[in-house]
Structure formats: C-alpha cells, structure tokens
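Peer 1: Mind folding the following:
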Amino acid sequence: MKHAFMELREEEREKRKELILDAAERVFGSKPFKDVGMREIAKELGVSVGALYRYFPDKQSLFVEAFMRGARELIELAEKAVEEKNDPKAIARLYVTFLLEKDHYFKMMSHFMLEGNLEGESLDRLNSMERRLLDVFQKLFESSVSASQRRIVTHAFFAALNGILITFRNYPGRSPEEVRAHVYRLADLITEMFIKGTNKPMEDALSKKGDCDESSGSS
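Peer 2: Alright, predicted model coming up:
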C-alpha cells in the first residue's frame, strides 16, 4: 500500500514538472533568455514562484530542461530515420519540419543562439545534447567526406539548415503551405550541394582549421 502511494506521488510530481516545462517553453519562446524571469513563468502557469523552485533550482536549469525535452524528441526522430533509411534529404526535411511545426521551440533555440548565456553544468548538458544531434548529421557524410573534415562539414550543414529557417519561415506574403514548400526546396538544394560538393577543392579549403573545430573541444 505504501509503495503504491509513493508511486502515485511520483506520478503527480512528474505531471506537475511537465506542466512547468510547458509554461517555460511558452515564455522562453516569446522573448530572449536574459529577459525572462522565474516570476513570469510562474505567472504563466498560475502558481507561486516558490512552486517552481521546488522542481528547478534556477532559471538556467529550467531553460535547459525545457530545451532538452524538445531536442531529445528531435534527435530520437532523426536517429530512427538514419537507422531505417540513411537518406540525407529526408533527414534535412525532418529537421526543418520539426522546427516549422514546433514554433515555440524554434524561437527558444533562436533566442538562445543570439543572446543566451549559460555556464557550468547547464552549459555542459546543452553542449552534450548538441553534440548528439551533430553526430546524427555527421553520419550523412560518412561516404563523401574524409574523417578529418567530417565534423566541420557537419557544422556548416547544420548552420545552413538553421539559416534557411531563420530567413524564410516568415516569408512575407506567403501562406504556411508555400513557406513549407519553399523551405523544403531549399533544404533539398543545400543537402545536394553538401553531398555532391564535398570534392577535393572543398577538402583543401576545409583543411584550414578554425577556432571551433573538434580539436578545440567544441561540438
């Protein structure tokens, strides 16, 4: 009886935690990380600030947990797609589709990329999740790019897909269907360019390592 009661309490705790994360996603998706306060998230949820601190010690940990929830979903979808059919264009479309449909998550990611400032364990967790996503994308280049240049090509590909979304997700005068079709065309084109364009001249250009290559401990 006691065991069942404890299980019920744990289930209730997890449900409350999920509600907090839902509210955090909405608020973090509406403005830059630095402009969000715990009080605002509590207001969005209709609870006291103290209730949030019973689950998350600070704003950083709450942001990371909310961010990683969406990232885990995306990564699991991408990993499954790579295992079942390693089709680069399909993986690129899966990525842009996820962020087109999860608007609040895309905004969270964009706000953080532009103005986020995490440190310590929170930054480590986020970096670990990003590396896992990049690992999925890197598999797309195993047959076309040398091992020494594969990571930097993956970084460029990842940045290119994000650039498409930032530039055209709010394409003026276009319907959501037209925007999606255009984003798909661009994602297909970018993917084809990366897969077919990884030739010797590109390899030579990429051999000039920068500050963010793998040897510097980055993603």
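Peer 1: host element of residue 83?
Peer 2: When secondary structure is defined using DSSP states H and E, the element that contains residue 83 is helix 59-84.
Peer 1: The helix or strand just after that helix to helix 59-84, inter-axis angle?
Peer 2: Counting by DSSP H and E, the next helix or strand C-terminal to helix 59-84 is helix 88-101. Orientation of helix 88-101 against helix 59-84 (axes from the mean of the first three to the mean of the last three C-alpha atoms, to 10 degrees) gives an angle of 150 degrees.
Peer 1: what sits up against whichever helix or strand comes after helix 88-101?
Peer 2: Note on helix 88-101: by DSSP H and E, the next helix or strand toward the C-terminus is helix 103-115. Contact with helix 103-115 is made by 25-26, 28-34, 63, 66-67, 70, 98-100, 118, 162, 165-166, 169, as judged by C-beta atoms under 8 Å, 6 or more residues apart in numbering. The C-beta positions use only the backbone N, C-alpha and C, and glycine is treated the same way.
Peer 1: count of residues packed around residue 17?
Peer 2: Residue 17 is flanked by 14 other residues according to other C-beta atoms under 10 Å.
Peer 1: Would you mind pulling up the elements that whichever strand or helix holds residue 157 packs against?
Peer 2: Remark: residue 157 resides in helix 150-168, with elements defined by DSSP H and E. Contacts defined by 3 or more C-beta pairs under 8 Å, 6 or more residues apart in numbering; DSSP states H and E place helix 150-168 against helix 88-101, helix 103-115, helix 120-138, helix 176-196.
Peer 1: Quick check: buried residues in that helix?
Peer 2: By neighbour count, and taking 16 or more other C-beta atoms under 10 Å as the criterion, the buried residues in helix 150-168 are 150-155, 157-158, 160-162, 164-165, 168.
Peer 1: okay if I get those residues as CSV plus distance to residue 180?
Peer 2: Below are the buried residues of helix 150-168 laid out as CSV (distance: C-beta to C-beta, whole Å):
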residue, distance to residue 180
150, 30
151, 30
152, 29
153, 26
154, 24
155, 25
157, 20
158, 20
160, 18
161, 14
162, 16
164, 12
165, 11
168, 10
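Peer 1: okay if I get these as JSON lines plus pLDDT?
Peer 2: Below are the buried residues of helix 150-168 laid out as JSON lines (pLDDT from 0 to 100):
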{"residue": "150", "pLDDT": "91"}
{"residue": "151", "pLDDT": "93"}
{"residue": "152", "pLDDT": "93"}
{"residue": "153", "pLDDT": "92"}
{"residue": "154", "pLDDT": "94"}
{"residue": "155", "pLDDT": "95"}
{"residue": "157", "pLDDT": "95"}
{"residue": "158", "pLDDT": "94"}
{"residue": "160", "pLDDT": "96"}
{"residue": "161", "pLDDT": "96"}
{"residue": "162", "pLDDT": "93"}
{"residue": "164", "pLDDT": "95"}
{"residue": "165", "pLDDT": "94"}
{"residue": "168", "pLDDT": "93"}
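Peer 1: Show me what counts as buried in the helix holding residue 83.
Peer 2: Quick answer for helix 59-84 (16+ other C-beta under 10 Å): 59-68, 70-71, 74-75, 77-79, 81-82.
Peer 1: Tell me which other helices or strands it touches.
Peer 2: On a contact count with 3+ C-beta pairs under 8 Å, 6+ apart, helix 59-84 meets helix 2-28, helix 38-45, helix 88-101, helix 103-115, helix 120-138.
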